[in-house]
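Student: Sequence first, then the predicted structure, then my questions.
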Amino acid sequence: MVDRLTHLADDGSAQMVDVSAKAQSAREAVAAGVIHLRPETLDLIAQNQIGKGNVFATARLAGIQAAKQTSQLIPLCHNLNLSHVEIEIASLENGLEVKGTARTVAQTGVEMEALTGVAVALLTIYDMCKAVDKEMRITDIRLLKKTKRDVSGRE
């Protein structure tokens, strides 16, 4: 049995989900993605030698800003007052992994905000490194986890 798609009205048209009857819950989502880079590019990033500036700092800020703007980018997303957004960037042998966490107390989840933050942070890395690496690949953008607990602290 397949659950009904909540963003489709009975006539098949797109609709925003009405969450007005739902209780406020503390919500968190964690997403991640990878950008594959050449070893030389990773060295330039580590030495802060990319011509556009500090890659990690810029990508973090871009990811945070993007998460805050998700409802402006994804038409049926609710506008959420985020209480926390964090973008972490870790070095891998063949690239970088970006992990994004978004938190709020709301009537709907923050998966799209975490995913958008990760995607834009990865795109920012791509943009900053495109002059020195023509082989970059962004892969594996995915939701790692989402949690919801009522405001009183129960799961």
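Tutor: Received, thanks. Numbering: from 1, shown residues only.
Student: And for residue 45, the neighbour number?
Tutor: 23 (other CB atoms under 10 Å). All C-beta atoms are positioned from the backbone trio N, CA, C, and that covers glycine.
Student: if I pick it, what's in contact with it?
Tutor: 37, 55, 56, 96, 129 (CB atoms under 8 Å, 6 or more residues apart in numbering).
Student: gap between the second one and residue 132?
Tutor: Between residue 55 and residue 132 the distance, using CB to CB, to the nearest Å, works out to 11 Å.
Student: Show the average pLDDT along the longest strand belonging to the chain.
Tutor: The single longest strand within the chain, with elements called by DSSP state E, is strand 137-150. Model confidence over strand 137-150 averages 96 on the pLDDT scale.
Student: Dump the C-alpha coordinates for that strand into PDB.
Tutor: Backbone C-alpha positions of strand 137-150 (Å, rounded to 0.1, in the frame of the first residue of the first chain) are rendered in PDB as follows:
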ATOM      1  CA  ARG A 137      31.300  15.700  -9.100                       C
ATOM      2  CA  ILE A 138      28.600  16.300  -6.600                       C
ATOM      3  CA  THR A 139      27.100  13.000  -5.400                       C
ATOM      4  CA  ASP A 140      25.100  11.300  -2.700                       C
ATOM      5  CA  ILE A 141      22.900  14.200  -1.400                       C
ATOM      6  CA  ARG A 142      20.700  12.400   1.100                       C
ATOM      7  CA  LEU A 143      18.700  12.700   4.300                       C
ATOM      8  CA  LEU A 144      20.600  10.900   7.100                       C
ATOM      9  CA  LYS A 145      18.000  11.300   9.800                       C
ATOM     10  CA  LYS A 146      15.000  13.300  11.000                       C
ATOM     11  CA  THR A 147      13.500  13.500  14.500                       C
ATOM     12  CA  LYS A 148      10.400  14.900  16.000                       C
ATOM     13  CA  ARG A 149       9.500  15.200  19.700                       C
ATOM     14  CA  ASP A 150       6.700  17.100  21.300                       C
END
